[in-house]
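Novice: just to be clear, the model below is a prediction. Sequence and coordinates:
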Amino acid sequence: MKAVRLLFLLAVLVAGLVIGSLNSQPVDVSLAFWVLRTTSGVAIIVSLLAGALLGGALVVAGVVIPLYAKLRRANKAAAAGLEPPAPPSPSPFDGR
């Protein structure tokens, strides 16, 4: 498994180097009060990283935290000897 991770990390590193070297045109990114001068390759990689981090944060906030809260409530109910609440009955609509 470590070899697969290492190969994946190496592939991502090579892809980043290729994107950075093929996109070497200067770019001015204008923000509210300052201007960032960079190359287009760096701008592409930074925007991809920012999108991945923002998407991951939204998944954590929207899915993972509520599931942890539900698990915590179920564990408290089990520790207190109470019956956990019954799951909702499945919908008759099967999505077709």
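Specialist: Yes, it's here.

Novice: quick one: mean pLDDT for stretch 59-66?
Specialist: Per-region confidence: stretch 59-66 scores 92 on mean pLDDT.

Novice: how many residues are close by L10?
Specialist: Counted with other CB atoms under 10 Å, residues neighbouring L10 total 10. Heads up, the C-betas are built off the backbone N, CA and C, glycines and all.

Novice: pretty sure it is in a strand, no?
Specialist: No: checked against DSSP: H, G, I helix; E, B strand; the rest coil, L10 lies outside a strand; its state is helix.

Novice: gap between it and V4?
Specialist: According to CB to CB, to the nearest Å, L10 stands 11 Å off from V4.

Novice: quick check: the gap between the residue most central in space within the chain and A50.
Specialist: Centroid-nearest residue in the chain, with CA atoms, centre = their mean: G56, separated by 2.1 Å. Remark: distance between G56 and A50 (CB to CB) = 11 Å.

Novice: quick one: contacts for the residue of the chain positioned farthest from its centre?
Specialist: Ranked by distance from the centre of the chain (CA atoms, centre = their mean), the top residue is G81, with 37.0 Å. By CB atoms under 8 Å, 6 or more residues apart in numbering, G81 lies in contact with nothing.

Novice: ok, now G41?
Specialist: By CB under 8 Å, 6+ apart, the contact set of G41 is 19-24.

Novice: pull the most distant pair out of those residues.
Specialist: I19 and S24 (10.3 Å; CB to CB).
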